[in-house]
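Trainee: Just the structure for this:
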Amino acid sequence: MSTFLLEIVTPERKVYAEQVNMVSVKGVGGELGILPNHIPLVTPLKIAPISVKKQGSKDEIIAVNGGFMEVRKDKVVILAESAELPEQIDIDRAKAAKERAEKRLVETKQNNVDFKRAEAALQRALNRISVSGK
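Mentor: Numbering: from 1, shown residues only. Coordinates of the predicted model:
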């Protein structure tokens with residue numbers, strides 16, 4: 001089975017760079033599955049886990065918090081606001097962030113800007129918690 005290079009890059013560092021068989025992401029228009037030789041594409045991503053399939057190994061899940069995906073013939077680059085592998089996630093910190101965001105959601109229903117920020121913080125925390133598997 002053919003492969004392509006998947007790179008996940010944040011402003012701070014390169015999180016992931018390996019040859020893979022398939023990547024599944026949640027774009028703003030819906031879910032996308034990318035295989036080798038996919039047509040070129042650029043799409044914004046939602047705050048959601050991505051799934052990476054590699055031959056002969058278990059699927060990998062990576063927490064990606066928004067950004068963009070660029071698909072080329074032999075390479076996929078995900079430019080993410082932040083991204084974490086499951087072993088890098090501090091579950092206690094993620095749960096604390098979730099609680100803070102839920103509290104802010106209740107307190108800021110009148111202020112639409114603060115509500116949107118709290119909602120995004122909650123989505124990021126839930127994404128990290130689900131990817132950590134704990």
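Trainee: Can you get me the start-to-end distance on stretch 67-85?
Mentor: 16 Å (C-alpha to C-alpha, to the nearest Å).
Trainee: Just checking, which helix or strand of this structure averages the lowest pLDDT?
Mentor: Here the helix or strand of the chain ranked lowest by mean pLDDT, DSSP states H and E is helix 112-132, holding a mean of 78.
Trainee: Just list what it packs against, helices and strands only.
Mentor: Helix 112-132 is packed against strand 41-53, strand 60-71, helix 91-107, with contacts defined by 3 or more C-beta pairs under 8 Å, 6 or more residues apart in numbering; DSSP states H and E. Using the backbone N, CA and C atoms, a C-beta is placed for each residue, glycine as well.
Trainee: What are the phi and psi values at Gly33?
Mentor: phi -110, psi 120 (degrees, to the nearest 10).
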